[in-house]
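Visitor: For reference, the sequence and a predicted model appear below.
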Amino acid sequence: MVKISKIVDKVENFVDGKLGRLLNRGTTDTLIFPNEIENVGQFMKFSIFREFQFQRDAFEKGSIDARIFLPLPTNLTAGYASEYANEELGPIGAAAGAQAGALDFSGGAQEVTGSISNFAGGVRDDVGTGGLKNVGAQVASAEAGGVIGALVGGITGGAVGAGVGAGLKGIFAGKGIARNPHMAVLFQGTGFRTHSFSYKLVPSNQRESKIITKIIKAFKYAMVPEYVEQNHFFRYPQQFRLELSNPDHLFKFQTCVLTGFNVNYHGEGGPFYHNLENGEEAPVSVTMEMNFTETRIITKDEIDEGL
């Protein structure tokens, strides 16, 4: 059997190859599956590190705890999403949005004051008399109606109550008029990109069976915290940098955290094991499912960088 150390030496010297470009010398722990991974086509590199949790250059500053090389998963997808919310702007909000271009805070105090005055005048003109009626209808909601009714009742000495709000709504309904809420779709953010990978690892020899066991432990160990300060605090789990051997026509990853990791040790659907040396037994195959979440949102800058 070929020792894993010889394989590492081989790929480190293979500087012009795909694996040679990704693998750096001096790695604390390097786990490769299968042994001859450079012959399986494209593959992924999982670098595990811990420092600088949320900085953009966290990986460059962090110390590498381990590197894991696996073939590309059967499914390799990248999802992108932008979050929007439907909001009621009302007539004043709609007018303010239309007049926002009049605001200019780049000049001196006199210029800024002038721009604010122009903005306010534009909003007032846009709202107009019809808009003020709309505002009145908006105030006559179920919640505001009670307040208005109480004030009217206090002045007239009558028990008007919340009926004023319903009465005003009835007037608008009787005239066949409905308040325009001035709905708008407002951008909220992009969220964090997630990645899910599934693997079925089938060892071809005893060495690969032991490597699979180490790979599983490395992922499990990296995703959980540890106690500090007499168990009163948690130290953050490690982070991951995911890299593809040839991402030119695919995509790149930002720093990730491992949020889910599931292992099925009976990948063949039953308790089937290989007999190893020293009486040990190892599963014939293992399936792994892992979920990663990137720690930074995606913007145009990241898309330009190939994400």
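Guide: That came through, no problem. Numbering: from 1, shown residues only.
Visitor: Go ahead and confirm Pro237 touches Lys220.
Guide: No. Contact criterion CB atoms under 8 Å: Pro237 and Lys220 do not qualify, at 10.4 Å. Bear in mind the C-beta positions are built from the backbone N, C-alpha and C, glycine included.
Visitor: With neighbour numbers in mind, choose between the two.
Guide: Taking neighbours as other CB atoms under 10 Å, Pro237 and Lys220 compare with Pro237 leading, 18 against 12.
Visitor: In a helix, Phe234, correct?
Guide: No. Counting by DSSP: H, G, I helix; E, B strand; the rest coil, Phe234 is not found in a helix; it is strand.
Visitor: Check the burial of it by counting its neighbours.
Guide: 12.
Visitor: Can you give me the neighbour number for the closest residue to it other than its chain neighbours?
Guide: Sequence neighbours aside, Pro225 is the residue nearest to Phe234 in space, at 3.9 Å (criterion: CB to CB, 6 or more residues apart in numbering). Pro225: 11 surrounding residues under other CB under 10 Å.
Visitor: measure Tyr227 to Met288 for me?
Guide: Tyr227 sits 27 Å away from Met288, going by CB to CB, to the nearest Å.
Visitor: can you pull out the helices in the stretch 151-300 of the chain?
Guide: Applying DSSP state H, counting those that start in this stretch to the stretch 151-300 of the chain gives helices spanning 163-174, 206-223, 300-304.
Visitor: out of those, deepest packed?
Guide: Stretch with highest mean neighbour count among those: helix 206-223 (a mean of 18; mean count of other CB atoms under 10 Å).
Visitor: Mind giving me the packing neighbours of that one?
Guide: With contacts defined as 3 or more CB pairs under 8 Å, 6 or more residues apart in numbering; DSSP states H and E, the packing partners of helix 206-223 are strand 30-32, strand 43-49, strand 64-71, strand 256-264, strand 281-283, strand 286-294.
Visitor: could you give the angle of the third one to helix 206-223?
Guide: Translated: strand 64-71. 130 degrees (axes from the mean of the first three to the mean of the last three CA atoms, to 10 degrees).
Visitor: Strand 64-71 pairs with which strands?
Guide: In the sheet containing strand 64-71, its partner strands are strand 30-32 (parallel), strand 43-49 (antiparallel), by DSSP bridges.
Visitor: Now the longest one - C-alpha only, PDB.
Guide: Written as PDB, here are the backbone C-alpha positions of strand 43-49 (Å, rounded to 0.1, in the frame of the first residue of the first chain):
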ATOM      1  CA  PHE A  43     -11.800  18.300  -6.800                       C
ATOM      2  CA  MET A  44     -12.400  20.500  -3.800                       C
ATOM      3  CA  LYS A  45     -10.100  21.700  -1.100                       C
ATOM      4  CA  PHE A  46     -11.500  22.400   2.400                       C
ATOM      5  CA  SER A  47      -9.100  24.500   4.500                       C
ATOM      6  CA  ILE A  48      -9.900  24.700   8.200                       C
ATOM      7  CA  PHE A  49      -8.800  27.800  10.200                       C
END
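Visitor: Leaving out sequence neighbours, find the closest residue to Pro34.
Guide: Glu208 (6.0 Å).
Visitor: again with Tyr199
Guide: Met288 (4.6 Å).
Visitor: Where does pLDDT dip in the stretch 151-300 of the chain?
Guide: 151-169, 171-172, 175, 179 (pLDDT under 70).
Visitor: make it 90
Guide: 151-191, 228-230, 235-236, 248, 274, 276-279, 296-299 (pLDDT under 90).
Visitor: got the helices and strands packed on helix 206-223 as JSON lines, with mean neighbour count columns?
Guide: Shown next, in JSON lines, are the helices and strands packed on helix 206-223 (neighbours: other CB atoms under 10 Å):
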{"stretch": "strand 30-32", "mean neighbour count": "21"}
{"stretch": "strand 43-49", "mean neighbour count": "21"}
{"stretch": "strand 64-71", "mean neighbour count": "20"}
{"stretch": "strand 256-264", "mean neighbour count": "16"}
{"stretch": "strand 281-283", "mean neighbour count": "17"}
{"stretch": "strand 286-294", "mean neighbour count": "19"}
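Visitor: Noted, bye for now.
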